[in-house]
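Enquirer: next comes the sequence, and after it the predicted model I'd like to discuss.
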Amino acid sequence: LTRYRNRVRVGRALDRLDAGEESLATLAADLGFSDQAHLTRTMRHYLGHTPTALRRLLAPVIRS
């Protein structure tokens, strides 16, 4: 049950990061993580990257 819940929360976190969520603390609280560190550990465990690294990967490439 915990693994399923975490997969759902990680998916929602990815959606919000992709939509431009700026505050990891707010994101963690909204999704039911105990704190930002808990969010970070869980995302690293499931995806191999921290939320900050994922935000950079999700950012659109701007070319000039």
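Expert: Cool, got the structure. Residues are numbered from 1 along each chain as shown.

Enquirer: list of residues touching the host helix or strand of Ala37?
Expert: If you go by DSSP states H and E, Ala37 is part of helix 36-47. By Cβ atoms under 8 Å, 6 or more residues apart in numbering, the surrounding residues in contact with helix 36-47 are 6-7, 9-10, 13-14, 24-25, 27-28, 31, 33, 49-51, 54. Glycine gets a C-beta too; all of them are placed from N, C-alpha and C.

Enquirer: what residues of that helix count as buried?
Expert: Under the neighbour-count criterion of 16 or more other Cβ atoms under 10 Å, helix 36-47 has 36, 39-40, 42-43, 46 buried.

Enquirer: put the alpha carbons of that helix into PDB.
Expert: Provided in PDB are the C-alpha atoms of helix 36-47 (Å, rounded to 0.1, in the frame of the first residue of the first chain):
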ATOM      1  CA  GLN A  36      10.700  18.600   1.800                       C
ATOM      2  CA  ALA A  37      13.400  16.100   2.700                       C
ATOM      3  CA  HIS A  38      10.900  13.200   2.700                       C
ATOM      4  CA  LEU A  39       9.700  14.300  -0.800                       C
ATOM      5  CA  THR A  40      13.300  14.500  -2.000                       C
ATOM      6  CA  ARG A  41      14.200  11.100  -0.700                       C
ATOM      7  CA  THR A  42      11.100   9.400  -2.100                       C
ATOM      8  CA  MET A  43      11.500  11.000  -5.600                       C
ATOM      9  CA  ARG A  44      15.200  10.000  -5.700                       C
ATOM     10  CA  HIS A  45      14.300   6.500  -4.700                       C
ATOM     11  CA  TYR A  46      11.600   6.100  -7.400                       C
ATOM     12  CA  LEU A  47      13.100   8.200 -10.200                       C
END
